[in-house]
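**Student:** curious how this folds, go ahead:
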Amino acid sequence: MKLLVAALDQSHDLTQFRSGNAELDEWLRDHSGQATGHGTRTYVVLDEASTIVGYFAIVPHLIARAEAPMKLARGAPREIPAILLAKLALAEGLHGQGLGASLLVLALGVVLDAARRAGGKIVVVDAIDERAAAFYEHHDFQKLPDRPDRLVMKLSTVARALGADWP
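**Tutor:** Prediction:
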């Protein structure tokens, strides 16, 4: 399946998207537009028929050095610049086909581009539940010592995984 990433705009019909998680679906339909005005950038992932099959949202972020794993904290400033992957959702009918990993790769590509422009050292995710945390761990994110729902990865690691230059 060929997927295309597009910045969310008024032309996208959000009413039919269902991820299987009501909280994620409601955020997309009811809050993503307002979040854009507050600095969050939301992207939809479209299939060949221009149907929304997933979405993600990113926002600049800071993480306290004291919260970070030792590998990331060593030599870092008191607050480490980051990009928060705030939302990530795949259409429910596509679960179990390996497309969650494809969606994550697309999202990390956008994160990397954003970090090249705005700066940043890590990507941060807040897992919505234990299953999501396991998904991110499977894709080499590290849990923070005091927050098992928050996971991080160096942007240099993302770049290597995507075969991209960094910085």
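**Student:** what strand or helix carries Pro60?
**Tutor:** strand 52-64 (DSSP states H and E).
**Student:** which strands or helices does that strand pack on?
**Tutor:** With contacts taken as 3 or more CB pairs under 8 Å, 6 or more residues apart in numbering; DSSP states H and E, strand 52-64 sits against helix 32-37, strand 41-46, strand 79-90, helix 99-118, strand 122-126. Where C-beta positions appear, they are placed from N, C-alpha and C, glycine not excepted.
**Student:** in the third one, what counts as buried?
**Tutor:** In this case it means strand 79-90. Neighbour-count burial for strand 79-90, counted by 16 or more other CB atoms under 10 Å, picks out 80-90.
**Student:** adding pLDDT and distance to Leu151, write the residues you listed out as JSON lines.
**Tutor:** Output for the buried residues of strand 79-90, formatted as JSON lines (pLDDT from 0 to 100; distance: CB to CB, whole Å):
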{"residue": "Ile80", "pLDDT": "93", "distance to Leu151": "14"}
{"residue": "Pro81", "pLDDT": "94", "distance to Leu151": "17"}
{"residue": "Ala82", "pLDDT": "95", "distance to Leu151": "12"}
{"residue": "Ile83", "pLDDT": "97", "distance to Leu151": "13"}
{"residue": "Leu84", "pLDDT": "97", "distance to Leu151": "11"}
{"residue": "Leu85", "pLDDT": "97", "distance to Leu151": "9"}
{"residue": "Ala86", "pLDDT": "95", "distance to Leu151": "13"}
{"residue": "Lys87", "pLDDT": "97", "distance to Leu151": "14"}
{"residue": "Leu88", "pLDDT": "98", "distance to Leu151": "12"}
{"residue": "Ala89", "pLDDT": "97", "distance to Leu151": "17"}
{"residue": "Leu90", "pLDDT": "97", "distance to Leu151": "18"}
